[in-house]
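Q: just coords:
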DNA sequence: CGCAGTCATATGTCTGCACATAATGCTGCG
DNA sequence: CGCAGCATTATGTGCAGACATATGACTGCG
């Protein structure tokens, strides 16, 4: 009874993915045009377009006007990872989050920081150090610089209650950010804060956020030993 | 002079992003419906839909049928990173890539590997160790297990020329993958291969790829000291 | 032969319309 | 009063047609 529903763009996408994975269409191959595929699938070109665009966004197809669509030669898979607020990451695992503000001062940043944040030589910045805790255990050590010219209202903010990260996310919009992951051996002070020793290899994330061409904040998080960051392809 | 071109979905997206960043629409706010926005922008609803969908994919909006569209309360920015083939990463910097296959054997994997790859207790796997070099300097050490039942043709492959990674990317399709980033101190053997000592903290990536419910390969890359992984928000 | 201008083509996108789907909240029956 | 079911509403998606844009290929001038 009742015939099939119409072909959806997901149907088309599934079929396209199958053909790529089965190597029916091989890397580098030019695939049929949208018009041809629309005829084959019995649907509108817009539907095929929607499907091919989705697959192309996943990096499995390369599309160029006039040229056509070809299977990506090097399927550069793009992993999308969520950058959670630490509190949420901890609470999502059922842990109790807390944070301690260890230091807060307004000073001239060192040249390296000034350079990366593209600050004027005379500009002062807010330096913050804090410790994030999960169930009262050290979770990550935070070392942050904030461009007070870009976010003047932070001067009056109470960062002992709400973490600087959460305050900034809520109050200071940003348009882009650079992330750097690395491994390091902690200095004596950092090791002490994290309740570990200089012998451990620690995972660290550095994040620099921008509002157009203005740096907002540069922060380095150094995690407790054994921390791993997971994501999915 | 000539009049303006029509409003594109990018125009709408830009305007929407502005309103979010300017806090004209605040986190948690319900924004106007597609029909209302279409009237305001003087374009078709489909155009507004395209724009809002794009913004929602970036995680700045939450959309639910019947409920409407609201500004995400916690703008969980999603970073998309490309997972390059090591050879491309090195060559993109103008380095000369090389790799050396250090070990290749067919054996029963240890229980930990068997468990993560969901292999049968009796299943053998191909164990590979290799070193990736940039300009003749050690770049990363690779420790890999391949499910030979899923990729039987690898038995006949010459992995001394093409790296196992490139061979697999080209020959064995996969549908999903798990990535884990971490920091570790190398064992003596790994340190020796990388030309470093056990004193350094090294960045490592572990990747497990699946073709539906079948594990293809589990690989751990341990990078040279000082290696950093960069991505953009 | 070299190069500029033109044409053809595949994707990109807008429009206006229709119907599908999810989820809220009202309505009316028992 | 409680709850099943229906009406309402906002987004999700399909379709056909049109025009926009990028770019390879062709053509013809000098």
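A: Looks like it arrived, so ask away. Quick caveat: nothing in here was measured; it's all calculated off a predicted structure.

Q: May I ask you to confirm that residue A:123 belongs to a helix?
A: No - secondary structure of residue A:123 (DSSP: H, G, I helix; E, B strand; the rest coil): coil, not part of a helix.

Q: Got the phi and psi for the closest residue in space to it that isn't next to it in sequence?
A: Nearest residue to residue A:123 in three dimensions, chain neighbours excluded: residue A:149, at 6.2 Å (C-beta to C-beta, 6 or more residues apart in numbering or on different chains). Quick note: C-beta positions are derived from backbone N, CA and C, even for glycine. The phi and psi values for residue A:149, taken as degrees, to the nearest 10, are phi -70, psi -30.

Q: Point me to the residue of chain A nearest DNA strand D.
A: residue A:8 (2.7 Å; C-beta to the nearest atom of the strand).

Q: since we're on that residue, how many residues are nearby?
A: Neighbours of residue A:8 under the rule other C-beta atoms under 10 Å in any protein chain shown: 13.

Q: ok, now residue A:200?
A: 18.

Q: Please determine how far it is located from residue B:192.
A: 21 Å (C-beta to C-beta, to the nearest Å).

Q: again, but for residue A:225
A: In terms of C-beta to C-beta, residue A:225 sits 24 Å off from residue B:192.

Q: Comparing those two, which shows the higher neighbour count?
A: residue A:225 (18 against 14).

Q: got a pLDDT number for that one?
A: In this prediction, residue A:225 carries a pLDDT score of 95.

Q: same deal with residue A:5?
A: The model's pLDDT for residue A:5 equals 66.

Q: just to revisit the earlier point, please name the residues that touch the residue of chain A closest to DNA strand D.
A: Shown in contact with residue A:8 (C-beta atoms under 8 Å, 6 or more residues apart in numbering or on different chains): residue A:47.

Q: what are the ranges of the helices in chain A?
A: Counting by DSSP state H, the segments of chain A that form helices are A:9-21, A:34-41, A:45-57, A:86-92, A:111-117, A:164-171, A:188-193.

Q: want to throw those helices into a markdown table with mean pLDDT and distance to DNA strand C?
A: As requested, the helices of chain A are exported to a markdown table (pLDDT from 0 to 100; distance: least, C-beta to the nearest atom of the strand, whole Å):
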| stretch | mean pLDDT | distance to DNA strand C |
| --- | --- | --- |
| helix A:9-21 | 94 | 12 |
| helix A:34-41 | 93 | 4 |
| helix A:45-57 | 94 | 4 |
| helix A:86-92 | 88 | 21 |
| helix A:111-117 | 95 | 33 |
| helix A:164-171 | 86 | 26 |
| helix A:188-193 | 91 | 44 |
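
Q: Ok, which of these comes nearest chain B?
A: Closest approach to chain B among the helices of chain A (C-beta to the nearest C-beta): helix A:9-21, 4.0 Å.

Q: ok, what's across the strand from the nearest residue to residue A:126 once chain neighbours are set aside?
A: Of all residues not flanking residue A:126 in the chain, residue A:146 sits nearest, at 4.2 Å (C-beta to C-beta, 6+ apart). Counting by DSSP bridges, residue A:146 is bridged to residue A:126, residue A:217.

Q: Rebuild the helices of chain A as TSV, extending it with distance to residue B:73.
A: Putting the helices of chain A into TSV (distance: least, C-beta to C-beta, whole Å) gives the following:
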stretch	distance to residue B:73
helix A:9-21	29
helix A:34-41	39
helix A:45-57	26
helix A:86-92	11
helix A:111-117	28
helix A:164-171	9
helix A:188-193	31
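
Q: Mind checking these for the one nearest to residue A:103?
A: Residue A:103 lies closest to helix A:188-193 among the helices of chain A, at 10.4 Å (C-beta to C-beta).
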